[in-house]
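Q: Sequence first, predicted model second:
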Amino acid sequence: MELVGNHVYFNEILDALIGTNGAGSAAIGNGGAGVRIHAEADETDILSSTIVGNAVGIEIMDGSTRNEVTGNYIGTNAALNTGLGNTGFGIHLMGADTTIGSTGFGNVIRNNGAAGVAIQGLTSFHNNLSENSIDNNTGLGIDLIDGANASQAVPALALADSTNGADTQIVGTLTSLPSTAFHIEFFASPNCDPSGSGEGRDFIGSDDVTSSGAGLATINKTVSVATGTQSITATATDPAGNTSEFSNCVTASGPLVTPSPTPTASPAPPNKAGDADCDDDVDIDDVIAALEDAAGVEEAPCHSLANVDCDGDVDGNDALRILLFVGGTPKRPPIGCFEVGQPTN
């Protein structure tokens with residue numbers, strides 16, 4: 001099916017079977033696009049149709065704008081059968097202001113031989129993708145080529161926590177235009193796309209975030225869907241309707257548990273007899289500390305360890321005993337006391 005020319009507009013393709021038999025169960029596709037809109041043909045709505053087995057499912061080219069693609073099966077059918085994929089792109093778009101999926105009317109775009117949706121060229125902008133099921137395509141789920149959709153940045157997901165079997169918390173960031181509101185959509189798939197950039201089989205929720213003056217927005221959304229250990233991805237759409245590619249995928253995990261700090265043993269307090277300055281060694285500094293304590297200048301940091309003769313105070317005799325130890329001629333301690341330099345416990 002081909003719509004061509006700038007006088008072709010306000011058309012509707014509804015409940016069509018394109019590239020398939022009458023039952024929609026087998027591919028008997030065309031050698032070209034199932035639907036081709038080009039040469040400035042505008043404002044065509046493609047609704048609730050099955051488009052399979054073609055070289056490209058839908059091709060919108062050459063400046064055609066304001067077209068809408070919603071509620072279709074592209075590369076599969078209502079029974080979600082495989083083996084019906086278009087051999088190339090599911091949708092190939094070189095135009096602007098196109099709507100691909102909308103609230104409650106997303107497309108199912110699966111099993112195609114290239115990207116699920118490819119948007120190409122600097123003049124292809126304001127193309128809004130919403131609530132689509134895009135999965136199992138050979139290429140990327142959404143591929144922005146040559147600056148399409150203003151190269152809208154993708155979210156960077158950090159984790160997904162499907163903690164209690166009832167919901168999923170999704171955390172990440174978006175770095176894009178400063179002080180701008182963005183619409184974030186979240187998706188779950190059984191597996192991550194081999195590219196690591198994800199696709200999105202099941203739409204599971206959305207959130208609106210606003211970036212800071214530096215262009216950074218925080219994503220922290222809990223959706224009321226339990227995803228188990230599925231692969232979670234997201235897209236971002238700016239206020240002008242430019243939708244990004246899919247984000248990286250993160251695997252939903254169990255409860256987020258903040259690990260308890262590994263206990264670190266506190267250093268043992270100084271306990272060597274004669275260690276008056278508490279540095280776990282007995283040297284000339286301990287002699288000085290003991291002398292200053294004995295003279296009343298300043299109490300030794302480890303006053304009790306400086307009292308090596310066990311008489312209850314620190315005096316010249318204690319300083320002498322420490323000095324003799326440092327000089328290599330230790331004096332035997334009184335009965336019941338510890339030798340200088342030895343542990344007291």
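A: Yep, it's here.

Q: Please tell me how far the closest residue in space to G274 that isn't next to it in sequence sits from D280.
A: Nearest in space to G274, with sequence neighbours left out and distances taken as C-beta to C-beta, 6 or more residues apart in numbering, is V340 at 3.9 Å. The way it works is simple: take the backbone N, C-alpha and C, and place the C-beta from them, glycine included. In this view, V340 and D280 are 14 Å apart by C-beta to C-beta, to the nearest Å.

Q: Of these two, which one has the most company?
A: Taking other C-beta atoms under 10 Å, V340 and D280 do not tie; V340 has more neighbours (25 against 13).

Q: May I have the phi/psi pair for the more buried one?
A: phi -60, psi 130 (degrees, to the nearest 10).

Q: Which residues are in contact with it?
A: V340 is in contact with 273-274, 282, 308, 321-322, 324-325, 330-331, 333, counting by C-beta atoms under 8 Å, 6 or more residues apart in numbering.

Q: So T103 sits against N128, correct?
A: No - under the criterion of C-beta atoms under 8 Å, T103 makes no contact with N128, lying 11.1 Å away.

Q: More neighbours: which of the two?
A: It is N128, of T103 and N128, that has more neighbours when counted by other C-beta under 10 Å, with 19 against 10.

Q: got a list of what G101 touches?
A: So G101 contacts 69-70, 107, 129-132 (C-beta under 8 Å, 6+ apart).

Q: One more pass at 7 Å, please.
A: Neighbouring residues of G101 by C-beta atoms under 7 Å, 6 or more residues apart in numbering: 70, 107, 129-132.

Q: likewise V297?
A: Applying C-beta under 7 Å, 6+ apart, no residues qualify as near V297.

Q: Find the residue at the geometric middle of this protein.
A: In the chain, the C-alpha nearest the mean C-alpha coordinate belongs to L157, at 1.3 Å (C-alpha atoms, centre = their mean).

Q: How far off centre is the helix or strand bottoming out on mean pLDDT in the chain?
A: Of the helices and strands making up the chain, the lowest-confidence element is helix 316-326, at a mean of 83, by mean pLDDT, DSSP states H and E. Mean-position distance between helix 316-326 and its chain equals 65 Å (C-alpha atoms, centre = their mean, to the nearest Å).

Q: what packs against that helix?
A: Contact here means 3 or more C-beta pairs under 7 Å, 6 or more residues apart in numbering; DSSP states H and E; on that basis helix 316-326 packs against helix 284-294.

Q: Would you mark the buried spots in the helix it packs on?
A: 286-294 (16 or more other C-beta atoms under 10 Å).

Q: is it possible to export the residues you listed to a markdown table including distance to I142?
A: Shown next, in a markdown table, are these (distance: C-beta to C-beta, whole Å):
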| residue | distance to I142 |
| --- | --- |
| D286 | 73 |
| V287 | 77 |
| I288 | 75 |
| A289 | 73 |
| A290 | 77 |
| L291 | 80 |
| E292 | 76 |
| D293 | 77 |
| A294 | 82 |
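
Q: so where's the protein uncertain?
A: 254-269, 335-336, 345 (pLDDT under 70).

Q: Confirm N149 sits in a helix?
A: Yes - judged by DSSP: H, G, I helix; E, B strand; the rest coil, N149 forms part of a helix.

Q: isn't it right next to T243, touching?
A: Yes - when contacts are counted by C-beta atoms under 7 Å, N149 is listed as touching T243 (6.2 Å).

Q: Give me the common contacts of the two.
A: N127.

Q: circling back to that earlier point, what about the residue nearest to the centre of the chain, distance to S176?
A: Here the criterion is C-beta to C-beta. By it, L157 lies 15 Å from S176.

Q: ok, now G296?
A: From G296 across to S176, the span is 70 Å (C-beta to C-beta).

Q: Mind checking which of these two has more residues around it?
A: Taking neighbours as other C-beta under 10 Å, G296 and S176 compare with S176 leading, 22 against 7.

Q: which residues does the more buried one contact?
A: 153, 182, 211, 215, 236.

Q: same check, this time on P190
A: For P190, the contact set (C-beta under 7 Å, 6+ apart) comprises 201, 230.

Q: can you do 6 Å?
A: Listed by C-beta atoms under 6 Å, 6 or more residues apart in numbering, the contact set of P190 is empty.

Q: likewise D193?
A: Per C-beta under 6 Å, 6+ apart, neighbours of D193: E199.

Q: What of E298?
A: By C-beta under 6 Å, 6+ apart, the contact list for E298 reads E292.

Q: how about a cut-off of 8 Å?
A: By C-beta under 8 Å, 6+ apart, E298 lies in contact with 289, 292.

Q: Check whether it sits in a helix, strand or coil.
A: Following three-state DSSP, we place E298 in the coil state.

Q: Only the buried residues of stretch 14-34, if you could.
A: Going by neighbour count (16+ other C-beta under 10 Å), the buried part of stretch 14-34 is 16-20, 24-27, 29-30, 33-34.

Q: chain center to that stretch: distance?
A: A distance of 38 Å separates the centroid of the chain from that of stretch 14-34, by C-alpha atoms, centre = their mean.

Q: Output that stretch as CSV, nothing but the C-alphas.
A: What follows is stretch 14-34 as a C-alpha-only set of coordinates in CSV (Å, rounded to 0.1, in the frame of the first residue of the first chain):
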residue,chain,number,x,y,z
LEU,A,14,-7.9,0.5,9.7
ASP,A,15,-8.0,-3.2,10.6
ALA,A,16,-6.0,-4.1,7.5
LEU,A,17,-4.1,-7.4,6.9
ILE,A,18,-1.0,-6.5,4.9
GLY,A,19,1.5,-9.2,3.9
THR,A,20,-0.6,-12.0,5.4
ASN,A,21,-3.4,-14.4,4.5
GLY,A,22,-7.0,-13.7,5.3
ALA,A,23,-6.7,-15.3,8.8
GLY,A,24,-3.6,-13.3,9.6
SER,A,25,-1.7,-16.5,10.4
ALA,A,26,0.8,-16.8,7.6
ALA,A,27,3.2,-14.4,5.9
ILE,A,28,2.8,-13.9,2.2
GLY,A,29,4.4,-10.5,2.2
ASN,A,30,5.4,-8.0,-0.4
GLY,A,31,8.9,-7.4,-1.7
GLY,A,32,8.8,-3.8,-0.6
ALA,A,33,7.1,-2.0,2.3
GLY,A,34,3.8,-3.2,3.6
